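Undergrad: build me a structure from this.
(chains A, B, C and D)
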There are 2 protein chains.
Amino acid sequence: MKHITTKLNKLFDSHTRLGIMSLLMVHEWVEFKVLKENLGLSDGNLASHMKKLEASEFIEVRKEFVGRKPQTTYAATALGRKAFNDHLDALEDLLKQRKK
Amino acid sequence: MKHITTKLNKLFDSHTRLGIMSLLMVHEWVEFKVLKENLGLSDGNLASHMKKLEASEFIEVRKEFVGRKPQTTYAATALGRKAFNDHLDALEDLLKQRKK
DNA sequence: AATGTAACTTTGTTTTGCAAAGTGCTTTTA
DNA sequence: TAAAAGCACTTTGCAAAACAAAGTTACATT
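TA: Okay, here's the model as predicted:
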């Protein structure tokens, strides 16, 4: 007897990482600063969440200079998109229960 | 600029409590043992999650004897149902983004 | 008397989450 | 040109959370 929630990805339990991923699903490349401001996170906090997502190869990092300032941008990988979509599928199943 | 995820309830970040609540939304009264088996949790683990939900008055506990055996059952309170539905509403908003 | 079942509580370890401060590099401002 | 500021971290440190494992209480069965 396996419950729906066993199909949820633990990495996406965190509402912070849920927010990060949902932004990366909508916009191809997103700046560190933009993520930080949208989600209201401290630098360190955001950096550590990104590291976790990177460790699972769910996101890709690009570091470049714009003008002469460093700029870090992130994008979801195919693997990340798949994992996140699977997670959302499971959430959708959960939501279906309350309709009927 | 507030992101959708700020509307999520932190208590329901945990996929375990998400599972517990979704079971309590569907069935009025659910036994400790049933929750435990459905979600694949240890006694202690489940008990501590239930305590957290109880502390927020999201669930109600009923202890009785069936035959002469003790039996604990749980139900979601009106407050709990409201909070959970609000959480699910926020998740639904999140899911809407990927349709378009 | 010994074993079993239900529902915990306690203990302890590991993992998170997050804030605060510090770092390295570069650019802007006084 | 020295100081301040911006970007993206890393490090430190702490408090809360997750969870397993073992112990507890109370009754029931064998």
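
Undergrad: got the residues of chain A near chain B?
TA: By CB under 8 Å from any CB of the partner chain, the residues of chain A that approach chain B are A:1-6, A:8, A:10, A:13-16, A:18-19, A:22-23, A:25-26, A:37-40, A:85, A:88, A:91-92, A:94-95, A:97-98. For the C-beta atoms, the positions are set from N, CA and C on the backbone; glycine is no exception.

Undergrad: ok, 7 Å please
TA: Within chain A, the residues that sit near chain B (CB under 7 Å from any CB of the partner chain) are A:1, A:3, A:5, A:8, A:10, A:13-15, A:18-19, A:22, A:25-26, A:37-39, A:88, A:91-92, A:94-95, A:97-98.

Undergrad: for ChimeraX, write the selection for the buried entries among these.
TA: Remark: buried members of the residues of chain A next to chain B, expressed as a ChimeraX selection using 16 or more other CB atoms under 10 Å in any protein chain shown:
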select /A:3,5,8,13,14,15,18,19,22,25,38,39,88,91,94
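
Undergrad: give me the three-state assignment for A:Arg62.
TA: When classified by DSSP: H, G, I helix; E, B strand; the rest coil, A:Arg62 comes out as strand.

Undergrad: residues near it, how many?
TA: 11 (other CB atoms under 10 Å in any protein chain shown).

Undergrad: against which helices or strands is the element among helices and strands of chain A having the smallest mean pLDDT packed?
TA: Using mean pLDDT, DSSP states H and E, strand A:59-66 stands out as the lowest-scoring helix or strand of chain A, at a mean of 88. On a contact count with 3 or more CB pairs under 7 Å, 6 or more residues apart in numbering or on different chains; DSSP states H and E, strand A:59-66 meets helix A:43-55, strand A:69-76.
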